[in-house]
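>>> Sequence first, then the predicted structure, then my questions.
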Amino acid sequence: MWSKKQIEQHKKAADILTKIVKEFGNHIKNNPEITEHEAKLFVKKLFRKYNLKSDKTNPIVAFQKNTSFVHHFAEEKSDKLKPESLILFDLWGKINEKRAPYADITWMLYCGKNIPNEYQNVFLKVIRARDEAIKFIKNNLRNKIVPTGKEIDKHVRIFLHKHGLADKFLHGTGHSLGFTYAHGNRTRISPKGKQSLPVNVGYTIEPGVYFKDKFGIRSEIDFYIDNNYNLKITSVVQKKIIKI
């Protein structure tokens with residue numbers, strides 16, 4: 001269970017990550033031929049600027065077809081940004097204080113004039129799946145029931161199945177947030193999550209769908225459940241793809 005101080009530390013980290021998303025978008029706009037690796041190094045520079053700590057793999061910057069990988073970690077020889085490209089940006093970090101917990105978010109951006117309808121349509125389904133997960137949790141909490149990670153994950157999978165995307169959902173719905181790594185060691189929000197979510201612990205909701213060698217879209221937010229059965233979203237909720 002997180003203390004009040006740790007919840008505030010987490011919220012502060014989430015706010016800084018959102019600032020970094022904005023600065024990342026501006027940097028991409030001003031450097032239209034940047035590589036994934038160069039973009040990653042720029043983000044690491046921002047982490048130092050804001051005194052955020054993270055693990056060695058942070059962050060994920062994926063351009064166009066590389067967004068189709070669940071976890072694409074750019075090497076030094078990486079793809080260069082091209083016009084009309086989709087960008088997946090996944091970043092996680094914590095403030096540089098003892099026992100401060102992580103925040104973890106994923107945003108989608110597009111570098112170009114017109115976002116293709118295919119991307120827009122899939123994005124809308126992904127954020128609906130994200131919002132359906134939150135709605136499902138809240139509906140349970142009204143009856144003072146904290147659902148299990150497995151139940152939340154199943155609800156998201158049913159939604160994606162109805163929209164023909166079940167086979168494109170290649171990871172769990174979310175995870176707990178830790179202190180040493182972004183992924184905590186508590187309950188998973190996945191088919192293996194048999195435990196009810198502990199209260200006052202941060203979690204992610206991050207549905208994503210991936211079309212092999214084409215593109216992928218993920219949306220990730222953070223939340224926790226307080227002692228009064230209230231769900232508290234702690235990160236900014238993306239509602240549309242950012243055009244840069």
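In hand now; what should we look at? Residues are numbered from 1 along each chain as shown.
>>> low-scoring stretches of the protein, by residue?
Within the chain, no stretch has pLDDT under 70.
>>> Strands along this structure, start to end?
52-53, 60-63, 85-95, 103-111, 203-205, 208-211, 215-218, 221-225, 231-233, 242-243 (DSSP state E).
>>> Export those strands as JSON lines, with columns for distance to residue 146.
Where you see a C-beta, it was placed from the backbone N, CA and C, and this is true even at glycine. Converted to JSON lines, the strands of the chain look like this (distance: least, CB to CB, whole Å):
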{"stretch": "strand 52-53", "distance to residue 146": "30"}
{"stretch": "strand 60-63", "distance to residue 146": "30"}
{"stretch": "strand 85-95", "distance to residue 146": "24"}
{"stretch": "strand 103-111", "distance to residue 146": "21"}
{"stretch": "strand 203-205", "distance to residue 146": "11"}
{"stretch": "strand 208-211", "distance to residue 146": "24"}
{"stretch": "strand 215-218", "distance to residue 146": "25"}
{"stretch": "strand 221-225", "distance to residue 146": "6"}
{"stretch": "strand 231-233", "distance to residue 146": "10"}
{"stretch": "strand 242-243", "distance to residue 146": "33"}
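>>> Out of those, which is closest to residue 22?
For the strands of the chain, proximity to residue 22 was assessed by CB to CB; strand 242-243 is nearest, at 8.7 Å.
>>> Partner strands of the closest one and their direction?
Strand pairing for strand 242-243, using DSSP bridges, gives strand 103-111 (parallel).
>>> shouldn't residue 202 be in contact with residue 223?
Yes: if you go by CB atoms under 8 Å, residue 202 and residue 223 touch, sitting 7.2 Å apart.
>>> Compare the two (neighbour count), which wins?
Neighbour count, other CB atoms under 10 Å: between residue 202 and residue 223, residue 202 has more, with 28 against 20.
>>> count of residues packed around the residue nearest to the more buried one when sequence neighbours are not counted?
Using CB to CB, 6 or more residues apart in numbering and skipping the chain neighbours, the partner closest in space to residue 202 is residue 177 (3.9 Å). Applying other CB under 10 Å, we find 28 residues neighbouring residue 177.
>>> So residue 177 is in contact with residue 10, correct?
Yes: contact criterion CB under 8 Å: residue 177 and residue 10 qualify, at 7.0 Å.
>>> Which residues are in contact with each of those two?
Residues within reach of residue 177 and of residue 10 at once, by CB atoms under 8 Å, 6 or more residues apart in numbering, are 101-103, 202, 222.
>>> So which of those residues is the closest to residue 168?
For the shared contacts of residue 177 and residue 10, the nearest to residue 168 is residue 222 (23.5 Å; CB to CB).
>>> Tell me which of the strands of the chain lies nearest to residue 125.
When the strands of the chain are compared (using CB to CB), the closest one is strand 208-211, at 7.5 Å.
>>> Kindly format the C-alpha coordinates of the closest one as PDB.
Extracted in PDB, the C-alpha atoms of strand 208-211 (Å, rounded to 0.1, in the frame of the first residue of the first chain):
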ATOM      1  CA  GLY A 208      -3.100  -1.800 -27.400                       C
ATOM      2  CA  VAL A 209      -3.700  -3.500 -30.800                       C
ATOM      3  CA  TYR A 210      -1.000  -4.400 -33.300                       C
ATOM      4  CA  PHE A 211      -1.200  -5.100 -37.000                       C
END
